[in-house]
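# Pasted the sequence and its predicted model underneath.
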Amino acid sequence: MIKKHRREPLELQVFLCASARKNFPPEDNFYFHHIYNDYKGMVRFDQFLNRAPLDNLILHNLTFEYRRSYIHVDTLLIKANTVHLFEMCTRPGSYYAKGDYWYPYPEMDERWAPHQELQDKASLFTSFLRQIGFSSFTAASHLMCMEPQFVLYNAQPDPDVVFAGQLGSFFADLVLDSPPDVTEQHHQLADRLLSLHIEDPSDRYTPAYEYEELAKGVTCEKCATMMTFDENQFHCAPCDRSWKYDTTMQRLIGEFKLLFPERRATAAALDDWCAGTVPLSTIRQSLKEYSPPRRPSKTTSFFMESL
Ligand SMILES: [Zn+2]
């Protein structure tokens, strides 16, 4: 049972919408491509987790303040007396294991001690659990290497590190580990963690854009080309297809509010945003019917795939 869902990072949503209307510098594209790959890796993990017949409480994307610093958890699962912490690794490429460290291969120009980090995190989180009144629980940390192309040479078996090809067997073992056992205390712990969760306070990088410099019009949700409007439908020439006006306008209003939270989404503002391609009566009707989307739109993710 999912007690807290994962959402597409706000900074990524903003970039995906804005990048359909402005060319960003290569360093922005590189940064957001990295964020996008991280998010895709987490979604892949969630799909595996959802398929596993686990009847446990699951919380995604949590941040806690503890001992004057922050603990971030990609995914948390409560099972018996263990709080499983899942950290995603979405690094591509090859690595070489030597002692406690992993080095990029063949450059070997930096190093990383994932096993030590996992142990430190499990120990810190166990201490955190004790402080919030759940001392009967201990934390276990797992590194989930979600990138199928990730290669680690010279590695010793480590049950805390799970590679993409091992996900199925890892969850099968976790299912068998103890019988389904969601208790009242599990719910109390999950609720306590939810109450202590804070929005990620780390400095987010927001892409720079101004209203005036963004291209105006109605973008196609598949290819981000500006569409024409006719007979209550939007038409995309490259895709050679039409889109319903109501769902497209709902998406468009949502994007406007996301990109410019300080502006009022009035009929006149939307008329300018659509570059006058949509009748005012249609805009007014769409504004009346508008309700915020439950899921973020995927308008321009094709852009990230093509980088
Ligand atoms: Zn299109």
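Perfect, thanks for sending it. From a predicted model like this one, the values you see are computed outputs, not experimental measurements. Residues are numbered from 1 along each chain as shown.
# any idea what sits nearest Leu59, other than its immediate chain neighbours?
Nearest residue to Leu59, sequence neighbours excluded (CB to CB, 6 or more residues apart in numbering): Lys4, at 4.1 Å. From N, CA and C alone the C-beta is placed, and that goes for glycine too.
# doesn't Val73 make contact with that neighbour?
No - in this structure, Lys4 is not within contact of Val73 by CB atoms under 8 Å, at 10.3 Å.
# Any idea how many residues pack against the residue nearest to Val83 when sequence neighbours are not counted?
Closest residue to Val83 apart from its sequence neighbours, by CB to CB, 6+ apart: Ala139 at 4.7 Å. By other CB atoms under 10 Å, 20 other residues sit near Ala139.
# any idea of the pLDDT on Met304?
Turning to Met304, the model gives it a pLDDT of 59.
# where do the helices sit along the stretch 1-150 of the chain?
Here the stretch 1-150 of the chain has its helices, by DSSP state H, counting those that start in this stretch, at 10-18, 26-51, 114-131.
# if we can go back for a sec, quickly note the distance from the residue nearest to Leu59 to the ion.
35 Å (CB to the ion, to the nearest Å).
# Against Val43, how distant is the closest residue to Arg44 other than its chain neighbours?
Setting aside the residues directly before and after it, Arg44 is nearest to Met146 in space (CB to CB, 6+ apart), at 5.3 Å. From Met146 across to Val43, the span is 9 Å (CB to CB, to the nearest Å).
# Enumerate the residues of the stretch 201-307 of the chain near the ion.
Neighbours of the ion within the stretch 201-307 of the chain, by CB under 5 Å from the ion: Cys220, Lys222, Cys223, Thr225, Cys236, Cys239.
# Recalculate using a threshold of 6 Å.
Contact residues, the stretch 201-307 of the chain versus the ion (CB under 6 Å from the ion): Cys220, Lys222, Cys223, Thr225, Cys236, Pro238, Cys239.
# mind checking pLDDT for the third one?
Per-residue confidence at Cys223 stands at 90 (pLDDT).
# do the same with Asp200
pLDDT recorded at Asp200 is 69.
# got the helices of the stretch 1-150 of the chain as JSON lines, with distance to the ion and mean pLDDT columns?
Below are the helices of the stretch 1-150 of the chain laid out as JSON lines (distance: least, CB to the ion, whole Å; pLDDT from 0 to 100):
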{"stretch": "helix 10-18", "distance to the ion": "15", "mean pLDDT": "90"}
{"stretch": "helix 26-51", "distance to the ion": "20", "mean pLDDT": "91"}
{"stretch": "helix 114-131", "distance to the ion": "42", "mean pLDDT": "97"}
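# Now the ones you listed in TSV, please, with extra columns for mean neighbour count.
Formatted as TSV, the helices of the stretch 1-150 of the chain follow (neighbours: other CB atoms under 10 Å):
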stretch	mean neighbour count
helix 10-18	20
helix 26-51	16
helix 114-131	16
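# Could you export the ones you listed to JSON lines, including columns for distance to Val175?
Listed next are the helices of the stretch 1-150 of the chain as JSON lines, based on distance: least, CB to CB, whole Å:
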{"stretch": "helix 10-18", "distance to Val175": "32"}
{"stretch": "helix 26-51", "distance to Val175": "11"}
{"stretch": "helix 114-131", "distance to Val175": "21"}
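# Enumerate every residue touching the residue in the stretch 51-200 of the chain positioned nearest to the ion.
Closest contact between the stretch 51-200 of the chain and the ion, by CB to the ion, is at Thr90 (28.5 Å). Contacts for Thr90 (CB atoms under 8 Å, 6 or more residues apart in numbering) come out as Asn37, Asp38, Lys40, Gly41, Met42, Met146, Glu147.
# Name all residues that make contact with the residue lying closest to it once chain neighbours are set aside.
Distances taken as CB to CB, 6+ apart put Gly41 closest to Thr90, at 3.5 Å, once the chain neighbours are dropped. Contacts for Gly41 (CB under 8 Å, 6+ apart) come out as Met88, Cys89, Thr90, Met146, Glu147.
# Tell me, how many residues neighbour the residue nearest to the last one when sequence neighbours are not counted?
Nearest non-adjacent residue to Glu147, counting by CB to CB, 6+ apart: Pro92, 4.9 Å away. By the measure other CB under 10 Å, the count of residues near Pro92 is 11.
# Run a quick check on Pro92 versus Met146, I expect a contact.
No - at 10.2 Å, Pro92 and Met146 do not qualify as touching, with contact defined as CB under 8 Å.
# can you list residues touching both of those two?
Joint contacts of Pro92 and Met146 (CB under 8 Å, 6+ apart) do not exist.
# hmm, which of the contacts of Gly41 are the buried ones?
The neighbour count (16 or more other CB atoms under 10 Å) marks Met88, Cys89, Thr90, Met146, Glu147 as buried among the contacts of Gly41.
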